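J.: Please work out how this folds:
(4 chains)
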Number of protein chains: 2
Amino acid sequence: MSPVPADHRLDRDTGRGLAHELVERLKARILAGEIEPGQKLPTESSLIQEFGVSRTVVREAISRLQAAGLVETFQGRGSFVLALPASTAFSVEASQVRTHRDVLDMIDFRIGVESEAAGLAAERRTDLQLKAIERALIDLGRSDEQPGNAVEADFEFHLKIALAANNRFYSDLLTSLGPMMIMLPRTRLEHVYTVSDAGHFTRVTLEHENIYRAIAGQDSAAARAAMRLHLSNSRARLQPP
Amino acid sequence: MSPVPADHRLDRDTGRGLAHELVERLKARILAGEIEPGQKLPTESSLIQEFGVSRTVVREAISRLQAAGLVETFQGRGSFVLALPASTAFSVEASQVRTHRDVLDMIDFRIGVESEAAGLAAERRTDLQLKAIERALIDLGRSDEQPGNAVEADFEFHLKIALAANNRFYSDLLTSLGPMMIMLPRTRLEHVYTVSDAGHFTRVTLEHENIYRAIAGQDSAAARAAMRLHLSNSRARLQPP
DNA sequence: CGGGGGAGCTTGTCATACGACTTATGGATT
DNA sequence: AATCCATAAGTCGTATGACAAGCTCCCCCG
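T.: Reported below is the predicted structural model:
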């Protein structure tokens, strides 16, 4: 009668729910190598039949496997087992940015990273993310009054743009850079920010607004250019004449 | 009349599914401390109303939060936020490149980083560094015979360019990326590299040579463009048409 | 022989229903 | 009045059916 061996069927009261049980079974199969990386998981309907549970349960189970990074699912195709971990840390050495050379190198680095991030943000931002950038821009404008927060506000603006690129590598990198970027002015900054003429603040503000407008208008080329310009100018402001 | 602000509603096509979106929102609330450990999450029906999604989606989202150890659920009572895992240090997520989406994001990331590195390399390379790039290019050509080394040889070529940019941030980043870039193909790549037609190899070789020539000729704009083209093409080769 | 199109399969989301468990309410019992 | 318990209401667990969206494959037409 039953075409399926009884072992497979799940039983109701194992304590933590059918979905949890099913996750354990599937995880066991994957870790045991029964289903190799790249291979397809059984379809939802197969699992429904094999384990004798409802689609609700199957979907919750697969959802948990996705969250755990064990499988990836494509609509219309199925779920596929992913390669197993191999932990690699992804961080720019927290060694500080100290020398003058480091500061300039850091800006050159940011030019590559952030101008592309701005371009992607222009293409892929959601309206919500744009709003977040706008808020950061407004905060930045207010930092005129209390310059102590200026650096943090500036970082927020750049971070929000990286987030709008919808690519975790850009946002992760900027996040891990954050402390460095914040602290880098410390050494030679009196020079630049405190002695700055009045025009300095308005010029920087203008650059920020240009970036924002390009992203708002979804013009990726303009966004890349505006970000590159902004950072190049920042570089020039730090460079002794 | 609607007692709920419209911001909360989720929108269909954010790319990774409503459940994933909802998880992000709830996780944000929890990590932001809006819901403290021990407190009760809104009921399923509240979430259905607030976010305008079906119960399926809400249940999948909560299921993922359970799997992540952020909440615990009791039948008949509700879901409760658990105490956060102690660390919370800004240790960069050691997450790797696993999903198909990650692979594409990684290439978009490399486009930003490496095209600028190529541009700087064209401007600042020493003759010695150029020689190193050339050697890597030759090795890459030889990897035709034993395709097992192709990925490593490819990485060497890109790393040598980053080194030639004479900016430790680019080379450090590429170095720390190295293992990831090497292992990323595992899932879906046999397809691309092993089954590759004969034309594939020569096309890639041509792209590499273009990059090399631009750097040799100290043409930074051309070097940026050539690297961007190479990576864009790589992206297209991975992307199913 | 090549390309277009549709049938069929698979996942994504929604809606509804019912069972199981918890909590609160309120009245009946002592 | 205090206690107990039955019932109702709220909440999660599971099942089922339906349709939309995306992918594959194969057949048919040119």
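J.: how about the helix or strand where residue A:154 lies: buried residues?
T.: Element membership of residue A:154, judged by DSSP states H and E, is helix A:150-164. Neighbour-count burial for helix A:150-164 flags A:150-151, A:153-164 (criterion: 16 or more other CB atoms under 10 Å in any protein chain shown). No exception for glycine: its C-beta is placed from N, CA and C like everyone else's.
J.: Which residue is the nearest non-sequential neighbour of residue A:123?
T.: Using CB to CB, 6 or more residues apart in numbering or on different chains and skipping residues adjacent in sequence, the residue nearest residue A:123 is residue A:220, 4.9 Å away.
J.: looking at chain A, which helix or strand is least sure?
T.: helix A:189 (a mean of 38; mean pLDDT, DSSP states H and E).
J.: about what we covered before: who touches the residue nearest to residue A:123 in this structure?
T.: A:119-120, A:122-123, A:214 (CB atoms under 8 Å, 6 or more residues apart in numbering or on different chains).
J.: And for residue A:77?
T.: Residue A:77 touches residue A:40, counting by CB under 8 Å, 6+ apart.
J.: Kindly list the main-chain dihedrals of it?
T.: Backbone geometry at residue A:77, expressed as degrees, to the nearest 10, gives phi -120, psi -50.
J.: Next one: it from residue B:60, what distance?
T.: Residue A:77 is 19 Å from residue B:60, where distance means CB to CB, to the nearest Å.
J.: do the same with residue A:215
T.: 32 Å.
J.: what do you get for residue A:65?
T.: Counting by CB to CB - residue A:65 and residue B:60 are separated by 12 Å.
J.: So those two - more neighbours on which side?
T.: When neighbours are counted by other CB atoms under 10 Å in any protein chain shown, residue A:65 and residue B:60 differ, and residue B:60 comes out ahead with 28 against 24.
J.: Thought residue A:61 was touching the more buried one, still the case?
T.: No - taking contacts as CB atoms under 8 Å, residue B:60 lies outside contact range of residue A:61: 9.8 Å.
J.: any weak-confidence spans in chain A?
T.: Within chain A, the stretches with pLDDT under 70 are A:1-15, A:84-101, A:143-148, A:179-200, A:238-241.
J.: let's go with 50 and repeat that
T.: A:1-6, A:86-95, A:184-196, A:241 (pLDDT under 50).
J.: Show me where it has its helices.
T.: A:18-31, A:44-51, A:55-67, A:100-124, A:127-142, A:150-164, A:168-183, A:189, A:198-216, A:220-238 (DSSP state H).
J.: Walk me through the domains of chain A.
T.: Following automatic domain parsing, one finds the domains of chain A at A:6-81, A:100-238.
J.: what's around residue A:83, how many residues?
T.: Neighbours around residue A:83, by other CB under 10 Å: 18.
J.: I meant residue A:64, not that one.
T.: 24.
J.: ok, now which ones touch it?
T.: A:19, A:23, B:63-64, B:66-67.
J.: Buried only: go through these for me.
T.: If we count by 16+ other CB under 10 Å, those have these buried: A:19, A:23, B:63-64, B:66-67.
J.: Also near DNA strand D: which of those residues, exactly?
T.: residue A:19 (CB under 7 Å from any atom of the strand).
J.: and chain A, which residues reach DNA strand C?
T.: A:13, A:41, A:43-45, A:55-56, A:59, A:62, A:73-79.
J.: can you tell me which two in the residues you listed are farthest apart?
T.: Farthest pair in these (CB to CB) is A:13 and A:76. Separation: 35.5 Å.
J.: So for those two, which residue has more residues nearby?
T.: Per other CB under 10 Å, whichever of residue A:13 and residue A:76 has more neighbours is residue A:13, with 7 against 4.
J.: Minimum distance to residue B:109: which of the helices of chain A has it?
T.: helix A:168-183 (3.8 Å).
J.: measure the residue nearest the centre of chain A to residue B:32 for me?
T.: Residue closest to the average C-alpha location in chain A (CA atoms, centre = their mean): residue A:168, at 2.4 Å. Residue A:168 is 19 Å from residue B:32, where distance means CB to CB.
J.: One more: residue A:213?
T.: Taken as CB to CB, the span from residue A:213 to residue B:32 is 30 Å.
J.: Comparing those two, which residue is more hemmed in?
T.: residue A:213 (13 against 8).
J.: Comparing the domains of chain A, which stretch has the densest surroundings?
T.: domain A:100-238 (a mean of 18; mean count of other CB atoms under 10 Å in any protein chain shown).
J.: Figure out how far that domain is from the centre of its chain.
T.: Between the centre of domain A:100-238 and the centre of its chain there are 16 Å (CA atoms, centre = their mean, to the nearest Å).
J.: Surely residue A:30 touches residue A:80?
T.: No - using CB under 8 Å, residue A:30 is not in contact with residue A:80; the gap is 10.9 Å.
J.: if I look at those two, which residues touch both of them?
T.: With CB under 8 Å, 6+ apart as the test, residue A:30 and residue A:80 both reach residue A:71.
J.: coming back round to it: how about the contacts of residue A:64 in TSV, adding distance to residue A:204?
T.: TSV is the format used below for those (distance: CB to CB, whole Å):
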residue	distance to residue A:204
A:19	53
A:23	52
B:63	47
B:64	42
B:66	47
B:67	45
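J.: can I assume residue A:67 is in contact with residue B:23?
T.: Yes - between residue A:67 and residue B:23 there is a contact under CB under 8 Å: 7.3 Å.
J.: between the helices of chain A, which one is nearest to residue B:136?
T.: helix A:100-124 (20.5 Å).
J.: Could you check how far the nearest residue to residue A:25 once chain neighbours are set aside is from residue B:55?
T.: Nearest residue to residue A:25 in three dimensions, chain neighbours excluded: residue A:51, at 7.4 Å (CB to CB, 6+ apart). Relative to residue B:55, residue A:51 is positioned 22 Å away (CB to CB).
J.: now residue A:227
T.: 43 Å.
J.: try residue A:204
T.: 50 Å.
J.: Write out the residues of chain A neighbouring DNA strand D.
T.: Close to DNA strand D, as judged by CB under 7 Å from any atom of the strand, chain A has residues A:12, A:17-19, A:52-57, A:60, A:74-77.
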